[in-house]
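*Asks:* no letters, just coordinates:
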């Protein structure tokens, strides 16, 4: 068992100490390296603020559209139905005789809204205001959804061991170890990713609209190409689009980068779910030879002519993309739209030089602390101390192997946990050695003294280590980044400490004093 543990640990830590492992190794053996935290390898630290008020407004807008649909179904007529403020809806009916039907229709909504009749001077008007508890629920959900969406985007961005967690209020902390392109990461996180399909208004004049005479129900959108980061000057191409969105990105099940075969230009291929596929087929079937604009976050990406009804739930976004731009667009579309805008309120970049300095200091502290412990154990306990030192080296190897095996992140506090484990590791051996000394003083033979020393020290060792392990697990469960990094290495260190002190060191004692039959214990 001990040989299996040692061999397995060697297998897991080898990739971390080799630049490139052989090809055959990657196919059959673990190839993951120990992941370094932000404080060790550098990266990006962001604090984001979720604009939850916008989430409430979006919720109200959806309710307005839902009510309009209900009105059409029930054949009720209204003069005005629009959002009022950030949390209310104003409704003005055309006929007084529709009041009873309206109040019956609105009854299911009154659990979340407070309905007030405000009619006077012959008008039939109502105000609906979202209840405070419902506002808090929407805000809380907006933060939770933003957290999940950002996590999905970062996972697909390919960052190893990102730290993404909520903070007090409506803020989210994002730490991305190893990321050097801060602006690209911010762009992926911050993109709203609201994908809309809108029909081009071909019945009215684009020139008149550009002069400020846009027709009701239509507005100007732009396709922006070139500009900063490209070799082309910025160019804005205007489109007159109908306000009504015929399809949104909420029906997307997949988005992938592909390449056009003739010119090898990248584009984003979309797949819709069953409902989205039916809607897309109906839209394309009803608007053959018309142009359908693809709009992301208010910018037009393309406006192709619909040549025929498109079945199968597939579409594509074309444009003058670079490969990186197309890949990033596919990431945000796959991960979904943010429920509310997210603003970066703090951005820090930790340079790799600072991380290297932290690693050097951490390693130096381990070497100095370990050397002091090793020398003390040899001087005070002789050959037994040397056995404890070998067990300590295996203990450190097991900790590093555990970090690689569980894909845990090594942070600066994690290095502190390893240093603490070094002290705790010899503590267990000291308890055993002192017990063995007591047995020898009482006249026991070496084999019996070793056996009794291990048996009598076992309860004390287990008690001390298990209680510490419980504390480490609590720190991991309820702590934040640096605290969790400390708890990870401490937890793995305690478990490996029990194994090395109770089993590995005991094997060495049995080999020397039982098999070799050495009569005097060097302790």
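*Replies:* In hand now; what should we look at? Predicted model only: the values in this text are computed from it and were never measured. Numbers count the residues shown, from 1 in each chain.

*Asks:* now do the SS call for the residue of the chain positioned farthest from its centre.
*Replies:* Among the residues of the chain, the one whose C-alpha is farthest from the average of all C-alpha positions is residue 443, by CA atoms, centre = their mean at 61.9 Å. Three-state assignment for residue 443 (DSSP: H, G, I helix; E, B strand; the rest coil): coil.

*Asks:* residue contacts, the residue nearest to residue 74 when sequence neighbours are not counted?
*Replies:* Closest residue in space to residue 74, ignoring its immediate chain neighbours: residue 105 at 5.8 Å, by CB to CB, 6 or more residues apart in numbering. (Each C-beta comes from the backbone N, C-alpha and C, glycine too.) Residue 105 makes contact with 70, 71, 74, 76, according to CB atoms under 8 Å, 6 or more residues apart in numbering.

*Asks:* please tell me how far residue 105 sits from residue 279.
*Replies:* In this structure, residue 105 and residue 279 are 25 Å apart, going by CB to CB, to the nearest Å.

*Asks:* picking that back up, what separates the residue nearest to residue 74 from residue 97, distance-wise?
*Replies:* Plainly put, residue 105 is 14 Å away from residue 97 if you go by CB to CB.

*Asks:* and residue 214, by the same measure?
*Replies:* Relative to residue 97, residue 214 is positioned 37 Å away (CB to CB).

*Asks:* neighbour count: those two, which is higher?
*Replies:* For residue 214 against residue 97, the residue with the higher neighbour count under other CB atoms under 10 Å is residue 214, and the figures read 18 against 9.

*Asks:* where are the low-confidence patches of the stretch 251-400 of the chain?
*Replies:* Judged by pLDDT under 70, the stretch 251-400 of the chain has its weakly predicted residues at 319-320, 335-337, 351-356, 358.

*Asks:* tell me where it has helices.
*Replies:* 274-286, 323-335, 352-381, 383-405 (DSSP state H, counting those that start in this stretch).

*Asks:* most packed of the ones you listed?
*Replies:* Taking mean count of other CB atoms under 10 Å as the contact definition, the stretch among the helices of the stretch 251-400 of the chain with the greatest mean neighbour count is helix 383-405, which reaches a mean of 22.

*Asks:* next SSE after that helix?
*Replies:* Following helix 383-405 in sequence order, the next helix or strand is strand 409-410 (DSSP states H and E).

*Asks:* strands paired with that following strand, and their directions?
*Replies:* strand 35-36 (parallel) (DSSP bridges).

*Asks:* tell me how far the strand it pairs with is from the chain's mean position?
*Replies:* Averaging C-alpha positions (CA atoms, centre = their mean, to the nearest Å) puts strand 35-36 16 Å from its chain's average.

*Asks:* try stretch 78-90
*Replies:* Centroid displacement of stretch 78-90 relative to its chain, using CA atoms, centre = their mean, is 37 Å.

*Asks:* what is the longest strand along the chain packed up against?
*Replies:* Secondary structure assigned by DSSP state E gives strand 235-248 as the longest strand of the chain. Judged by 3 or more CB pairs under 8 Å, 6 or more residues apart in numbering; DSSP states H and E, strand 235-248 is in contact with strand 195-200, helix 206-210, strand 218-225, helix 274-286, strand 292-296, strand 299-302.

*Asks:* can I get these in CSV including distance to residue 463?
*Replies:* What follows is the helices and strands packed on strand 235-248, written out as CSV (distance: least, CB to CB, whole Å):
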stretch, distance to residue 463
strand 195-200, 59
helix 206-210, 80
strand 218-225, 67
helix 274-286, 59
strand 292-296, 61
strand 299-302, 64
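
*Asks:* those: which one's closest to residue 309?
*Replies:* Comparison of the helices and strands packed on strand 235-248 against residue 309 by CB to CB identifies helix 274-286 as nearest, at 3.7 Å.

*Asks:* residues in contact with the nearest residue to residue 21 once chain neighbours are set aside?
*Replies:* If you skip the residues right next to it in sequence, residue 21 has residue 15 as its closest partner in space, 5.2 Å away by CB to CB, 6+ apart. Residue 15 makes contact with 21, 25, 30, 31, 32, 33, 404 under the criterion CB under 8 Å, 6+ apart.

*Asks:* tell me the buried residues within the residues you listed.
*Replies:* Buried subset of the contacts of residue 15 (neighbour count, 16 or more other CB atoms under 10 Å): 30, 33, 404.

*Asks:* longest single helix anywhere in this protein?
*Replies:* Using DSSP state H, we find that the single longest helix of the chain is helix 446-478.

*Asks:* show me what it packs onto, helices and strands only.
*Replies:* Helices and strands touching helix 446-478, as assessed by 3+ CB pairs under 8 Å, 6+ apart, comprise helix 412-441, helix 481-499, helix 505-509.

*Asks:* pLDDT of it, averaged?
*Replies:* Averaging pLDDT along helix 446-478 yields 87.

*Asks:* renumber starting at 504 from here on
*Replies:* Got it, the first residue is 504 from now on, which makes the last one we talked about helix 949-981.
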